[in-house]
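Q: this one's structure only:
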């Protein structure tokens, strides 16, 4: 992944996707902590990844809502950024890099309690979330996050993982490790 600060070094003809830019993923995770978390905090990497999955894959969110008896529908239909099948379900191999990026900039704290990592916005991170929420380009993403929180925000990461494996057996559980979820 590249940082926006490194883009000036690239030749003009090089194609670049938003998916390749660390700030793209950092903004989404900041918003996820601010909008899907409780008090700007999400407990557990599994929960963070599963909430992120439902934000990034609106059609899976809609199907999971139906399976859970919820009547909420997504604000969007397009996949925001692909994830892969990992040991505990949908995963993005960039999480470690992006979370380290956020921590190094003083936007989040990462606290380990037992085997659980807790991700918490700092005061500076909360201010950044407030600015991002005002940006028109993040309006649809923020709306999707509010819907995800309304349905799944109070569920544990393991509960969300089990729901994903149950409802999306063919689409997720039966995929090979590292295979892209579509």
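A: Structure received. These numbers come from a predicted model, not from an experiment.
Q: Poorly predicted segments of this structure, please.
A: Flagging of the chain using pLDDT under 70 yields the residue ranges 1-20.
Q: how about 90 then?
A: Low-confidence segments of the chain, defined by pLDDT under 90, span residues 1-24, 71-82, 86-89, 170, 173-179, 182.
Q: Show me where it has its helices.
A: Using DSSP state H, the helices of the chain run over residues 22-36, 45-56, 58-67, 95-104, 123-134, 139-152, 157-167.
Q: most neighbours per residue, which of the ones you listed?
A: Mean neighbour count (mean count of other CB atoms under 10 Å) peaks for helix 45-56 among the helices of the chain, with a mean of 24. Bear in mind the C-beta positions are built from the backbone N, C-alpha and C, glycine included.
Q: Now tell me what touches that helix from outside.
A: Defining contact as CB atoms under 8 Å, 6 or more residues apart in numbering, one finds that helix 45-56 is touched by 28-29, 32, 36, 42, 60-61, 64, 79-83, 88-92, 95, 117, 119, 141, 144-145, 148-149, 152-153, 155-158, 160-161, 164.
Q: give me that answer again for 7 Å
A: For helix 45-56, the external contacting residues (CB atoms under 7 Å, 6 or more residues apart in numbering) are 32, 36, 42, 60-61, 64, 79-81, 83, 88-91, 95, 117, 119, 144-145, 148, 152, 156-158, 160-161, 164.
Q: Format the helices of the chain as JSON lines; extra columns: distance to residue 182.
A: Formatted as JSON lines, those follow (distance: least, CB to CB, whole Å):
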{"stretch": "helix 22-36", "distance to residue 182": "19"}
{"stretch": "helix 45-56", "distance to residue 182": "12"}
{"stretch": "helix 58-67", "distance to residue 182": "10"}
{"stretch": "helix 95-104", "distance to residue 182": "20"}
{"stretch": "helix 123-134", "distance to residue 182": "27"}
{"stretch": "helix 139-152", "distance to residue 182": "18"}
{"stretch": "helix 157-167", "distance to residue 182": "15"}
